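1. Model the following, please.
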Amino acid sequence: MNSKHGCPDIIFNHDSDFNLFADGIMKNLSIREKKSCTYPDYRCASVLILLVNKNNSPHVILTLRTDSVSTHKGQVSFPGGGVDDTDENYLFTALRETHEEIGVPPEKIKILGEFDDYISLAGFEVHVYAGITDYPVEYNLSADEIDTILEVPLSIFCNKEYYKCDIIQHKGNEVAVYYYDWQGTTIWGMTARILTDFAEMITGNGNY
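-> Residues are numbered from 1 along each chain as shown. Okay, here's the model as predicted:
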């Protein structure tokens, strides 16, 4: 495996290197202290950072949402959604929603661990999990919810190749809002925030 611009192990020389990369993420997630938050008035949701080995480098699977969904119309998001009363736990929600939205069943996903909790401006308390699946992926999109699948190089978030960063106030805290442009599509908001933080954990930068 090679690295560049301070990003470790993002170019794979052998197929087994991706599994070593995933094992490193799993170890990091198991030993770090998760950042948790609880807002009783917010609705709980779960999302999945789903990684694949595409073109010998890690890519993250994102979705471009349709204009008919109730929230985040036309925006780039992770597979995931709101917690149902019948869901066993937050991980179950993330896997269920991933299956429903993009057609990847739970048995095709290896979960690496749980990342941090986030609060969205739309009023959701979001629980984040990371996992891997084999590539190429056999998608089956929910036409009502998902317009397009995006397979985005993780390196753009490792290198912080954003074109703008706004600082906003939320719940008395300053929050950085990153904007990444990838092939003419803007990845911003909580999705960009999570991926930036996740990449900092991988590279060893930031407060991780």
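
2. check which helix or strand covers the spatially most central residue of the chain.
-> Nearest residue to the geometric centre of the chain (C-alpha atoms, centre = their mean): residue 49, 3.2 Å. According to DSSP states H and E, residue 49 maps onto strand 43-54.

3. Give me the next element, helix or strand, following that strand.
-> Assigned by DSSP H and E, the successor of strand 43-54 is strand 57-65.

4. quick one: whichever helix or strand comes after that following strand to chain centroid distance?
-> Using DSSP H and E, the helix or strand that follows strand 57-65 in sequence is strand 76-77. Strand 76-77 has its C-alpha centroid displaced from the chain centroid by 9 Å (C-alpha atoms, centre = their mean, to the nearest Å).

5. in whichever helix or strand comes after strand 76-77, what's buried?
-> Remark: after strand 76-77, the chain's next helix or strand is strand 80-82, criterion DSSP H and E. Within strand 80-82, the residues that count as buried by 16 or more other C-beta atoms under 10 Å are 80, 81. (Each C-beta comes from the backbone N, C-alpha and C, glycine too.)

6. Next: stretch 107-120.
-> Buried residues in stretch 107-120 (16+ other C-beta under 10 Å): 108, 109, 111, 112, 113, 114, 115, 116, 117, 118, 119, 120.

7. Could you list the low-pLDDT ranges of the protein?
-> Low-confidence segments of the chain, defined by pLDDT under 70: 1-9, 69-73, 205-208.

8. Now with 50, please.
-> Filtered on pLDDT under 50, the chain yields the residue ranges 1-6, 8-9, 207-208.

9. can you pull out the helices in this protein?
-> Secondary structure of the chain (DSSP state H): helices located at 15-31, 90-102, 155-158, 189-203.

10. what's the offset of stretch 138-151 from the middle of its chain?
-> So, by C-alpha atoms, centre = their mean, the centroid of stretch 138-151 is 16 Å from its chain's centroid.

11. one step back: what residue, apart from its backbone neighbours, is nearest the residue nearest to the centre of the chain spatially?
-> residue 130 (4.4 Å; C-beta to C-beta, 6 or more residues apart in numbering).

12. same deal with residue 126?
-> Here the residue nearest residue 126, using C-beta to C-beta, 6+ apart, is residue 118, at 4.5 Å.

13. doesn't residue 192 make contact with the one you found?
-> No. If you go by C-beta atoms under 8 Å, residue 118 and residue 192 don't touch, sitting 11.5 Å apart.

14. follow-up on the earlier one: check contacts around the residue nearest to the centre of the chain.
-> Residue 49 sits next to 60, 78, 115, 128, 129, 130, 131, 194, 195, 198 when contact means C-beta atoms under 8 Å, 6 or more residues apart in numbering.

15. related to what we said a few turns ago, the residue nearest to residue 49: neighbour count?
-> By other C-beta atoms under 10 Å, 24 other residues sit near residue 130.

16. Show me the beta-bridge partners of it.
-> Counting by DSSP bridges, residue 130 is bridged to residue 49, residue 113.
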